[in-house]
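only geometry, no sequence info:
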Ligand SMILES: [Mg+2]
């Protein structure tokens, strides 16, 4: 049990989860090409969103979601609904005292497990539900999630991690040692975090669908706003990439880091060739050069493109693949995602693995609400695990934040530490009402307007 569980709100001890409400929320981002990259030319950023309701009488609910793109949301919402019976009726206090037990039960559903195991749509659904429990637990403790985790006892944190398939690389004892040794200096790091924030980098200038003029303008703005790293999408056309990288490098100067991201576009040999062809622009890392499942391919690429670093993780399906990427020395930068794997519990495992191997974590956050979630994991890592922000940055994308109750706040290129209790996952009721697909006010009007033209509108 976390040290702060005793401070939980005074509520009915018999309180139960009474409902898992789901929402298919989609934003029409494909129309402005926000989010466009070499593999996703028409992204309608979406959230398969859920709310855990209780009869505790404290007004608190747990919010979570999986990030998807457009039509994928149909499938993702159905997967979350398939987990409903595991959750409704559970004791709220027991669930919040031990989210790991729910995580294990959901992963262990033998009929649903066949669809994975521990990968893909079902696993993302589990992540969404488990994250909603963490949101509720942190709210009940009156703490933002990063602090809820950072103030928890190391033994309890270790109890939340599923070490199955990990112990050849990381044992519970080794994890405990890592967490205990990070306890010294926690207060100073918390104070530093509250004052300075956590470093971020921005992907906003570099979407593939943007003109060179827009890219240059946004890159200059990013530097003026205090960012020390930007990222560009690459991989569709080499001549275009050379031109765009040259424009971006000219805009930001030699000292600001410029990462490039191919979104899995290439085979191994092509990844090496293409990355080396862009090396003159001094890219800091090449992200997702090839399939996220190709551990040995990443290792080959890494050797061949040095000193350009290799980064991946936003589509890495679970802790076991991350373990292999680390064991094979296939990556320089680990990009965990708050809504891809089985929730906070599995991301604790991934953070512990990264700390064990000494690899910096620079989380993925391009999507709906991913900045809001993932900042908590990096802040916990700084305060209570790796103890450093050196060579660590959280991705920042400047869109869709207005739909969240407690949106991220960036100042001088740094994420400001959230102070509001919870996981920052909660969306405004008005946004849910407008963007629920296809019945929300925005989509109903849009679909009616474009009913005569099948090339326009929601399914474009
Ligand atoms: Mg990416």
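That came through, no problem. Just so it is clear, the model here is predicted, and its values are computed rather than measured.

measure how buried residue 102 is and give me the count.
23 (other CB atoms under 10 Å). From N, CA and C alone the C-beta is placed, and that goes for glycine too.

buried residues of the helix or strand harbouring it, list them for me.
In this structure, residue 102 sits in helix 99-107 according to DSSP states H and E. Buried residues in helix 99-107, defined by neighbour count with 16 or more other CB atoms under 10 Å: 99, 100, 102, 103, 106, 107.

any idea of the mean pLDDT for that helix?
Summarised as a single mean, pLDDT over helix 99-107 is 97.

now do stretch 316-327
Stretch 316-327 shows a mean pLDDT of 98 in the predicted model.

after the helix holding residue 102, which helix or strand is next? Please name it.
On the C-terminal side of helix 99-107, the closest following helix or strand by DSSP H and E is helix 110-113.

name the residues of that next one that come out as buried.
Going by neighbour count (16+ other CB under 10 Å), the buried part of helix 110-113 is residue 112.

contacts for that helix next, please.
When contacts are defined by CB atoms under 8 Å, 6 or more residues apart in numbering, helix 110-113 is touched by residues 82, 83, 106, 107, 122.

what about stretch 139-146, start to end distance?
12 Å (CA to CA, to the nearest Å).

show the subsequent helix or strand relative to the helix or strand hosting residue 157.
Per DSSP H and E, residue 157 falls inside helix 154-159. Note on helix 154-159: by DSSP H and E, the next helix or strand toward the C-terminus is helix 172-181.

what is that following helix packed up against?
Applying 3 or more CB pairs under 8 Å, 6 or more residues apart in numbering; DSSP states H and E, one finds that helix 172-181 contacts helix 154-159, helix 344-357.

against residue 149, how distant is the residue lying closest to residue 352 once chain neighbours are set aside?
Counting by CB to CB, 6 or more residues apart in numbering, the nearest residue to residue 352 once its immediate chain neighbours are dropped is residue 175, at 4.8 Å. Using CB to CB, to the nearest Å, one obtains 14 Å as the distance from residue 175 to residue 149.

between those two, which one's more packed in?
Each of residue 175 and residue 149 has its neighbours counted (other CB under 10 Å); residue 149 has more, 27 against 24.

wait, the more buried one touches residue 382, no?
No: with contact defined as CB atoms under 8 Å, residue 149 does not reach residue 382; the gap is 11.3 Å.

in the stretch 251-400 of the chain, mark out all the helices, start to finish.
Counting by DSSP state H, counting those that start in this stretch, the stretch 251-400 of the chain has these helices, from start to end: 268-277, 295-305, 319-327, 344-357, 370-384.

got the angle for the third one vs helix 295-305?
Relative orientation of helix 319-327 and helix 295-305, computed by axes from the mean of the first three to the mean of the last three CA atoms, to 10 degrees: 30 degrees.

quick one: residues in contact with helix 319-327.
For helix 319-327, the external contacting residues (CB under 8 Å, 6+ apart) are 118, 162, 165-166, 169-170, 292-293, 295, 298, 312-313, 316, 330-331, 334, 336, 341, 346, 349-350, 353-354, 356-357, 359.

again, only using 7 Å
165-166, 169, 293, 295, 298, 316, 331, 334, 341, 346, 349-350, 353, 357, 359 (CB atoms under 7 Å, 6 or more residues apart in numbering).

same check, this time on stretch 256-268
Outside stretch 256-268, the residues that touch it by CB under 7 Å, 6+ apart are 37-40, 223, 228-235, 248-249, 252, 271, 274, 278, 281-292, 297, 300-301, 315.

are any of these buried, and which?
37-38, 40, 223, 228-235, 248-249, 252, 271, 274, 278, 281, 283-290, 292, 297, 300-301, 315.

for stretch 168-182, give the mean pLDDT please.
Across stretch 168-182, pLDDT averages out at 98.

where in the stretch 201-350 of the chain is pLDDT low?
For the stretch 201-350 of the chain, no stretch is flagged by pLDDT under 70.

residue boundaries of the strands in it?
Along the stretch 201-350 of the chain, the segments classed as strands by DSSP state E, counting those that start in this stretch run 229-233, 257-261, 283-287, 309-312, 333-334.

let me have these in JSON lines, extended by distance to residue 206.
Below are the strands of the stretch 201-350 of the chain laid out as JSON lines (distance: least, CB to CB, whole Å):
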{"stretch": "strand 229-233", "distance to residue 206": "4"}
{"stretch": "strand 257-261", "distance to residue 206": "8"}
{"stretch": "strand 283-287", "distance to residue 206": "11"}
{"stretch": "strand 309-312", "distance to residue 206": "14"}
{"stretch": "strand 333-334", "distance to residue 206": "17"}
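
for residue 144, which of the ones you listed is the nearest?
The closest of the strands of the stretch 201-350 of the chain to residue 144 is strand 333-334. By CB to CB, the value is 23.1 Å.

so which elements touch that closest one?
Judged by 3 or more CB pairs under 7 Å, 6 or more residues apart in numbering; DSSP states H and E, strand 333-334 is in contact with no other helix or strand.

contacts for it?
Contacts of strand 333-334 (CB under 7 Å, 6+ apart): 285, 309, 311, 313, 322, 354, 359, 360, 361, 362.

from the middle of its chain, how far away would that strand be?
The chain centre lies 13 Å from the centre of strand 333-334; the measure is CA atoms, centre = their mean, to the nearest Å.

same thing with stretch 86-106?
Averaging C-alpha positions (CA atoms, centre = their mean) puts stretch 86-106 22 Å from its chain's average.

returning to what we had before: could the contacts of strand 333-334 be laid out in JSON lines, adding distance to residue 138?
Formatted as JSON lines, these follow (distance: CB to CB, whole Å):
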{"residue": "285", "distance to residue 138": "31"}
{"residue": "309", "distance to residue 138": "33"}
{"residue": "311", "distance to residue 138": "29"}
{"residue": "313", "distance to residue 138": "24"}
{"residue": "322", "distance to residue 138": "24"}
{"residue": "354", "distance to residue 138": "22"}
{"residue": "359", "distance to residue 138": "27"}
{"residue": "360", "distance to residue 138": "25"}
{"residue": "361", "distance to residue 138": "20"}
{"residue": "362", "distance to residue 138": "23"}
